[in-house]
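Engineer: Predicted structure and sequence below. I'll ask about it afterward.
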Amino acid sequence: MEKIVKYIENEEKRYLSELIDFLKIPSISSLPEHNGDMLKCAEWLSDNIKAAGFEDVQIISTAGHPLVYAEWLGAGKGAATVLVYGHYDVKPVDPLDLWDSPPFEPAIRDGKIYGRGTSDDKGQAFCHVKGLEALFRQNGKLPVNVKLLIEGEEECGGENLVKFINENAEMLKCDTVLISDTEWFDDGLPSICYSLRGIAFVEVHITGPNRDVHSGTYGGAIDNPINILCWMISKLKDQYGRITIPGFYDDVLELTDKERIGFKELPFNIKAYKHGLGINFVHGEMGYTTLERSTARPSLDVNGIKGGFQGGGAKTIIPSQASAKISMRLVPNQRADDITEKITAYLKTIAPQTVSIRVEPLHGGNPVLVSQDSKGVRAAINAIKKAFGKEPAFTREGGSIPIVELFSEVLNARVVLMALGLPDDNIHSPNEKLDLKNFYGGIKASAHFFEEMGKL
Ligand code: BES
Ligand code: MN
Ligand code: MN
């Protein structure tokens, strides 16, 4: 491995310039005007993976954005098979004026590379492409069989990968799924994540009168969809931060005492947390710490709200319509479909007869809890120690990667969430970045991971 590590160190400049080319393609999956960029990005990635040493690389079209798939099965039937998953799509960039440099013109400042997708997930996924390339170039082969699946619809809740996995379970068959699409607990504290929250997302539409009407003529005599919507939203949580939807907590798996002790041992600094957000107080479910609330307890948030007059000055109306986008982060063993049904039923029950209501499901993904002691996890621990010189912590994360559940269920594989990002990477925010020491270290960690898998 020494020679591979040396090789990786010598190639840093090229890795960075390739990453920059990858980042320059504005692969925003949720905006139709970027459909051409999605294809361009898939093509760029496929060419890069080919150059890395995979002969068998395909761009697989779906009803949505294409998948990039490659495999190398030269280690033979007796050897382990690792499926590496990542996503090349990114979130939209607005508000643009808050970026210190343009999101698709990657810039390096202070040992970090800034741009959309640097951390989530182009940069992290690219570490594996380069780690595998280093193994190919130095050894002419890989220590295990490798399948590489990089999708383009993670950020837009795309259902096409679900269909693809269900229909191609045989082709994707593997023992271990390796994913780097999460964050370290802190700078200097690498992490392996063992649980991700799921998500249920709905949009509630409330309709009152058949048009916006004069609030002097009608005010006091008919109901107002915005007032009603706000009242309904206020009924979703109580004063203790508990969600009041009937049955919402039925399937919530409580944290074990061991986990709660583990959480307390993590170097979490509440003062820095509040300072970083510019707030004086945190808020959440009574009886749980901030770390527990944000990773191991469910949550409910209004993401956006619409309705009525939004222009300058006063316009006196009672609006015809109001709507709100509501997301709930779910924890094991809640199910997205069940929670979507429960919130829908509850909203319909409390909605007064004075308005009509429609609840539209937008997306869903189930939470996951993965083994902390699989072959892949052991390989990841060793890889992290070798690449970063630190023992990784085991963490839960509050974010969601909906497809992970399917890897365990349909492929029956053990999932390893080997984080390469940092908690201050500003994913989904302006000034997203990746620390270059995580990028170069991540390439080494990747090479070590496959080497370790080969030994086990
Ligand atoms: N990489 C993130 C998930 C993530 C974020 C894991 C932070 C751990 C820490 C992923 O790309 C993401 O943003 N997922 C979405 C899923 C949604 C669009 C269905 C999310 O969590 O909002
Ligand atoms: Mn991601
Ligand atoms: Mn994301």
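Structural biologist: Happy to help now that I have it. Numbers count the residues shown, from 1 in each chain. Ligands and ions are numbered 1, 2, ... in the order given.

Engineer: Is it correct that Ser327 falls within a strand?
Structural biologist: Yes: per DSSP: H, G, I helix; E, B strand; the rest coil, Ser327 lies within a strand segment.

Engineer: ok, so what distance separates it from ligand 1?
Structural biologist: Going from Ser327 to ligand 1 by C-beta to the nearest ligand atom, to the nearest Å gives 8 Å. Backbone N, C-alpha and C define where each C-beta goes, glycine included.

Engineer: what about that residue, how many neighbours?
Structural biologist: 18 (other C-beta atoms under 10 Å).

Engineer: Kindly report the same for Pro95.
Structural biologist: Per other C-beta under 10 Å, the neighbour tally for Pro95 reads 9.

Engineer: List phi and psi for it.
Structural biologist: Torsion angles at Pro95 (phi, psi; degrees, to the nearest 10) stand at phi -80, psi 120.

Engineer: For it, give me its contacts.
Structural biologist: With contact taken as C-beta atoms under 8 Å, 6 or more residues apart in numbering, Pro95 is in contact with Pro430.

Engineer: which parts of this protein sit against ligand 1?
Structural biologist: 120-121, 154-155, 157, 181-183, 199, 363, 365, 397, 399-402 (C-beta under 6 Å from any ligand atom).

Engineer: Outline the domain layout of the protein.
Structural biologist: Domain segmentation of the chain under automatic domain parsing yields 2-196+368-455, 198-252+298-365.

Engineer: contacting residues around the residue in the stretch 301-450 of the chain positioned nearest to ligand 1?
Structural biologist: Minimum separation of the stretch 301-450 of the chain from ligand 1 (C-beta to the nearest ligand atom) falls at Gly399, amounting to 2.5 Å. For Gly399, the contacting residues are Thr182, Leu196, Arg197, by C-beta under 8 Å, 6+ apart.

Engineer: before we move on, back to that, from the residues of the chain next to ligand 1, which has minimum pLDDT?
Structural biologist: Ranked by pLDDT, those bottom out at Gly157, which has 81.

Engineer: got any ranges where the protein has weak pLDDT?
Structural biologist: Residue ranges of the chain with pLDDT under 70: none are present.

Engineer: mind listing what the most far-flung residue of it relative to its centre touches?
Structural biologist: What lies farthest from the middle of the chain is Thr217; by C-alpha atoms, centre = their mean that is 48.6 Å. Contacts for Thr217 (C-beta under 8 Å, 6+ apart) come out as none.

Engineer: Now name the helix or strand holding the residue in the stretch 251-400 of the chain that ligand 2 sits nearest to.
Structural biologist: Proximity of the stretch 251-400 of the chain to ligand 2 (C-beta to the ion) peaks at Gly399, 7.5 Å away. Using DSSP states H and E, Gly399 maps to neither a helix nor a strand.

Engineer: Let me see the ranges of the strands in the stretch 251-400 of the chain.
Structural biologist: 299-307, 317-318, 321-330, 356-365, 368-369, 393-397 (DSSP state E, counting those that start in this stretch).

Engineer: Surely Thr316 touches Val213?
Structural biologist: No: counting by C-beta atoms under 8 Å, Thr316 stays clear of Val213, with 9.9 Å between them.

Engineer: Comparing the two, which residue is more hemmed in?
Structural biologist: Val213 (17 against 12).

Engineer: closest to Ile350 out of the strands of the stretch 251-400 of the chain?
Structural biologist: strand 356-365 (9.3 Å; C-beta to C-beta).

Engineer: For that closest one, name the packing helices and strands.
Structural biologist: strand 198-207, helix 336-350 (3 or more C-beta pairs under 8 Å, 6 or more residues apart in numbering; DSSP states H and E).

Engineer: Dump these into JSON lines; add mean neighbour count as well.
Structural biologist: Below are the helices and strands packed on strand 356-365 laid out as JSON lines (neighbours: other C-beta atoms under 10 Å):
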{"stretch": "strand 198-207", "mean neighbour count": "22"}
{"stretch": "helix 336-350", "mean neighbour count": "17"}
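
Engineer: Let me have the ones you listed in TSV, extended by distance to ligand 2.
Structural biologist: TSV is the format used below for the helices and strands packed on strand 356-365 (distance: least, C-beta to the ion, whole Å):
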stretch	distance to ligand 2
strand 198-207	13
helix 336-350	18
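
Engineer: out of these, which comes closest to Ile20?
Structural biologist: Closest of these to Ile20 is strand 198-207, at 31.7 Å (criterion: C-beta to C-beta).

Engineer: all strands of the stretch 101-250 of the chain, in order?
Structural biologist: Using DSSP E, counting those that start in this stretch, strands in the stretch 101-250 of the chain cover 107-109, 112-114, 145-151, 176-179, 191-196, 198-207, 213-214.

Engineer: dump the residue contacts of His205.
Structural biologist: Applying C-beta under 8 Å, 6+ apart to His205 gives the contacts Gln321, Ala322, Ser323, Ile357, Arg358, Val359, Glu360.

Engineer: Report the buried residues of the longest helix seen in the chain.
Structural biologist: The longest helix of the chain (DSSP state H) is helix 436-455. Across helix 436-455, burial judged by 16 or more other C-beta atoms under 10 Å covers 436, 438-454.

Engineer: And it, what does it pack against?
Structural biologist: If you count contacts as 3+ C-beta pairs under 8 Å, 6+ apart, helix 436-455 packs onto helix 2-10, helix 12-24, strand 112-114, helix 122-139, helix 375-388.

Engineer: In TSV: the contacts of Gly399, plus neighbour count and distance to Leu291.
Structural biologist: Listed next are these as TSV, based on neighbours: other C-beta atoms under 10 Å; distance: C-beta to C-beta, whole Å:
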residue	neighbour count	distance to Leu291
Thr182	23	15
Leu196	31	15
Arg197	26	13
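
Engineer: out of these, who's near ligand 2?
Structural biologist: Checking these against ligand 2 by C-beta under 5 Å from the ion, not one of them is in range.

Engineer: so which of these comes closest to ligand 1?
Structural biologist: Thr182 (4.2 Å).

Engineer: one step back: relative to Ala221, which of the helices and strands packed on helix 436-455 is closest?
Structural biologist: Using C-beta to C-beta, the helices and strands packed on helix 436-455 put strand 112-114 closest to Ala221, at 54.7 Å.

Engineer: Direction included, what does the closest one pair up with?
Structural biologist: Here strand 112-114 is paired, per DSSP bridges, with strand 107-109 (antiparallel), strand 433-435 (antiparallel).

Engineer: any residues touching the last one, and which ones?
Structural biologist: Going back to what we said before, that points to strand 433-435. 111-115, 118-119, 123-124, 187, 421-422, 425-426.
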